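# turn this into a structure:
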Amino acid sequence: MWSPFLGRQKETDWRQPLIEYIQYGILLTDPKERADVKQRALRFILKNDTLHQKAFQGVLLRYLSKEEVTYVLNEVHARVYAAYQVGPKLANQIKRLGYYWPTMV
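Numbering: from 1, shown residues only. Okay, here's the model as predicted:
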C-alpha cells in the first residue's frame, strides 16, 4: 500500500531534534534549546521511526510534518468528511484519526 508519509523526513523538519534525542541521545548545542528538547521529549515516543505524542486518553497521536499536514487536511476535507469543517471541530476529527501538529487549532 502506497503512503505519502514514507521516506519524507527532511533535515529542516521541526521534529528532528526530538527524534535525535529520543533515538540517539543527541542534543542541540544551545543551552535553551537543549532544555526545551529534554522537557518536550518526555511527552513523546518513537514508534517505527515515527514521532508520536502520548495523549491523555492513552492514544498515540502521530506528529506530522508540514507536507503531511497539507495531505491530511486535503483528505479530511475532500474524502473523509466531505463537508467543510472549521476550527476545533475539524481539529477533533483529525485527532480521532490519530494525527496532530503543534499549530493544529
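# list the contacts of residue 63.
Residues near residue 63 by Cβ atoms under 8 Å, 6 or more residues apart in numbering: 15, 44, 51-53, 100-101. In this view, the C-beta of every residue, glycine as well, is placed from N, C-alpha and C.
# can you list these in JSON lines and add distance to residue 32 and neighbour count?
Below are the contacts of residue 63 laid out as JSON lines (distance: Cβ to Cβ, whole Å; neighbours: other Cβ atoms under 10 Å):
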{"residue": "15", "distance to residue 32": "18", "neighbour count": "18"}
{"residue": "44", "distance to residue 32": "19", "neighbour count": "19"}
{"residue": "51", "distance to residue 32": "21", "neighbour count": "24"}
{"residue": "52", "distance to residue 32": "25", "neighbour count": "18"}
{"residue": "53", "distance to residue 32": "22", "neighbour count": "17"}
{"residue": "100", "distance to residue 32": "24", "neighbour count": "21"}
{"residue": "101", "distance to residue 32": "22", "neighbour count": "19"}
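# now the helix or strand of the chain with the lowest mean pLDDT, how far from the centre of its chain.
Sorting the helices and strands of the chain by mean pLDDT, DSSP states H and E puts helix 87-96 at the bottom, at a mean of 80. The chain centroid and the centroid of helix 87-96 are separated by 14 Å under Cα atoms, centre = their mean, to the nearest Å.
# and the residue nearest the centre of the chain, its phi and psi?
The chain has residue 63 as the residue nearest its centroid, 1.0 Å off, counting by Cα atoms, centre = their mean. As for residue 63, its main-chain torsions (degrees, to the nearest 10) stand at phi -80, psi 130.
# how about the nearest residue to it, chain neighbours excluded?
Once flanking residues are discounted, residue 63 sits nearest to residue 51: 4.5 Å by Cβ to Cβ, 6 or more residues apart in numbering.
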